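Student: Got a sequence here, can you model it:
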Amino acid sequence: MLVAAAVCPCPPLLVPEVAAGAGPELDAARNACLDALGVLAAARPDLLIVAGPAARDGLVPFPAGSAGSFAGFGVDLTVRLGGTPAASAAPEQRLPASLAVGAWLLERARWDGAPAEGLGVGEPLSTDRCLRAGAELADRAERVALLVMGDGSACRTVKAPGYLDERAEAFDAEAARALGAADAAALGALDETLAYELKVSGRAPWQVLAGAAGGADLDGRLLYEDAPYGVGYVVATWS
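Tutor: Numbering: from 1, shown residues only. Below is the predicted model:
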């Protein structure tokens, strides 16, 4: 059963070495993410699953110990999900960027709780499949926690990656409200097509969370909401 969740944005810029001179601009988001991880630790889960968007279709599991790198962003920095490599972690199973950011957050928070595994969630994955996947995750252990990585729209300003789309602010506001209220039904109702048009990377992982939360009766709390660089970022906890 799902006992806690933390929702965090996943831009590589959260990693100060990647952000370089722009690092302080995301200090508030980083601090909120670390506070959210504290909620996960306090829940004392038996299993932690880090779920985040992946370029590949479908669902791609990553065992504890899988490695990720920020070399593609010009930084010689490697992170590992859950520390010690697992025997089943094949060398080619590199964490996607979203899960690498999640692994970095866990290292930053000095996570020493439950074993941590990863799940890459294909951004085009249908809502129904996301909800089913979440329900399956919740059944993995008696006490399951999720660290859910994903960004809102990338269309909040003319300088945003997706340019300005007048629909973006309302979409992000509803997503933030649902995440902050632990409103699984509202997350499950997010429009797949609109999310795709607004370049929302978090839609599918958020809906995995919605599926995992069925019957869990968790309370939500919104810790951070902003749109630096024209991209919607939200940090929330469910416990």
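Student: out of all of them, which helix in the chain is the longest?
Tutor: Longest among the helix segments of the chain by residue count, using DSSP state H, is helix 27-42.
Student: Check which residues of stretch 45-53 are buried.
Tutor: 45, 47-53 (16 or more other C-beta atoms under 10 Å). C-beta here means a position set from N, CA and C on the backbone, and glycine is covered the same way.
Student: What's the first helix or strand after the longest helix of the chain?
Tutor: On the C-terminal side of helix 27-42, the closest following helix or strand by DSSP states H and E is strand 47-54.
Student: Any chance you could list what contacts the next helix or strand along the chain from that next one?
Tutor: Next along the chain after strand 47-54, taking DSSP H and E as the criterion, comes strand 59-62. Contacts to strand 59-62, defined as C-beta atoms under 8 Å, 6 or more residues apart in numbering, come from residues 54, 81, 89, 93, 95-96, 99, 117-122, 125, 129, 133.
Student: 7 Å instead?
Tutor: Residues from elsewhere that reach strand 59-62 (C-beta atoms under 7 Å, 6 or more residues apart in numbering): 54, 81, 93, 95, 99, 117-122, 133.
Student: neighbour-wise, which of these leads?
Tutor: Among the contacts of strand 59-62, residue 121 has the most neighbours (other C-beta atoms under 10 Å), with 33 neighbours.
Student: right, and that residue touches residue 207 too?
Tutor: No: assessed by C-beta atoms under 7 Å, residue 121 is found out of contact with residue 207, at 8.7 Å.
Student: and for the two, which residues touch both?
Tutor: Looking at what touches both residue 121 and residue 207 (by C-beta under 7 Å, 6+ apart), the common residues are residue 130.
Student: Only the C-alpha atoms, please, for the helix or strand of the chain at the bottom of the mean pLDDT ranking, written as CSV.
Tutor: Lowest mean confidence among the helices and strands of the chain (mean pLDDT, DSSP states H and E): helix 16-19, at a mean of 92. Output of helix 16-19 as CSV, limited to C-alpha atoms (Å, rounded to 0.1, in the frame of the first residue of the first chain):
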residue,chain,number,x,y,z
PRO,A,16,24.1,22.9,-9.0
GLU,A,17,27.0,21.6,-11.1
VAL,A,18,24.8,21.5,-14.1
ALA,A,19,23.2,24.9,-13.4
